[in-house]
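[1] fold the following.
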Amino acid sequence: MPTPAEQFLPLVESPASNLAEIAALLDGMIHPERVEATRVLGGVKRQKALWDRAAAAPPLALDDLIPRGHAALRPVRFIGKNSLAFFTRFEKRMCRPPADDEGRAPDELWGYNHVESALVAALAGPGYFRVRAAPEGSLAAVAIDYRDVPPNGCEGWPRVRDNARLFSRLVYHNLVDYLRRVSRDVFIGAATRAGTTPLPNYFILVREPVGE
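    Modelled structure (predicted):
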């Protein structure tokens, strides 16, 4: 029987397949299988192909990433694979922020980038961001904005650091990522400078199981 990767990759590479077929395949897998399948999707060409195909998906909303009823400051892991040549495995860890003094929760998510390399983490920093609905006319409906970091993270997360400092500036400064839906738990992202200048960098995310 073909492995998850052997099923997934041909669908992405075939011009005859469509997003509905890809989504159905991924939705039929369990979480470890989705991670295994998406980790073969390396390089700009393959990830851009999926990004372009995902333009046909319904617009993403914040509730599609973390359900509205999910507890504040309870982290959700998104297992990632980017299109870079090195250090391609990472995670985006996100949470819903707490409500303010009047009981209103901000319409955004907070998060940071968790990388496997301790050296990269030490040099580039955690890469904190806020996730918000993108302005009309953007590449996608949801934006991950590194220009405005949250005031704090969840328990156990690294200390929040501004992305304009030192080596972090080269990696995260003025960076805005956009997200599109691939399936229920899989998303494809594209990087830009300032939300308007596309960069040749893409990434795919697999959300861990999260209760409604």
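[2] strands paired with the lengthiest strand in the chain, and their directions?
    If you go by DSSP state E, the chain has its longest strand at strand 197-207. Strand 197-207 pairs in its sheet with strand 76-82 (antiparallel), strand 186-193 (antiparallel), by DSSP bridges.
[3] may I see those strands arranged in TSV, with mean pLDDT and mean neighbour count as well?
    Backbone N, C-alpha and C define where each C-beta goes, glycine included. Formatted as TSV, those follow (pLDDT from 0 to 100; neighbours: other C-beta atoms under 10 Å):
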stretch	mean pLDDT	mean neighbour count
strand 76-82	97	21
strand 186-193	97	22
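[4] out of those, which gets nearest to residue 150?
    Shortest distance between residue 150 and those, using C-beta to C-beta, is found for strand 76-82: 14.8 Å.
[5] send the alpha carbons of the closest one over as PDB?
    Output of strand 76-82 as PDB, limited to C-alpha atoms (Å, rounded to 0.1, in the frame of the first residue of the first chain):
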ATOM      1  CA  VAL A  76      -1.800  24.700  19.500                       C
ATOM      2  CA  ARG A  77       1.100  23.300  17.500                       C
ATOM      3  CA  PHE A  78       1.300  23.700  13.700                       C
ATOM      4  CA  ILE A  79       4.000  21.300  12.300                       C
ATOM      5  CA  GLY A  80       5.800  23.100   9.400                       C
ATOM      6  CA  LYS A  81       8.000  22.400   6.400                       C
ATOM      7  CA  ASN A  82       9.300  25.400   4.500                       C
END
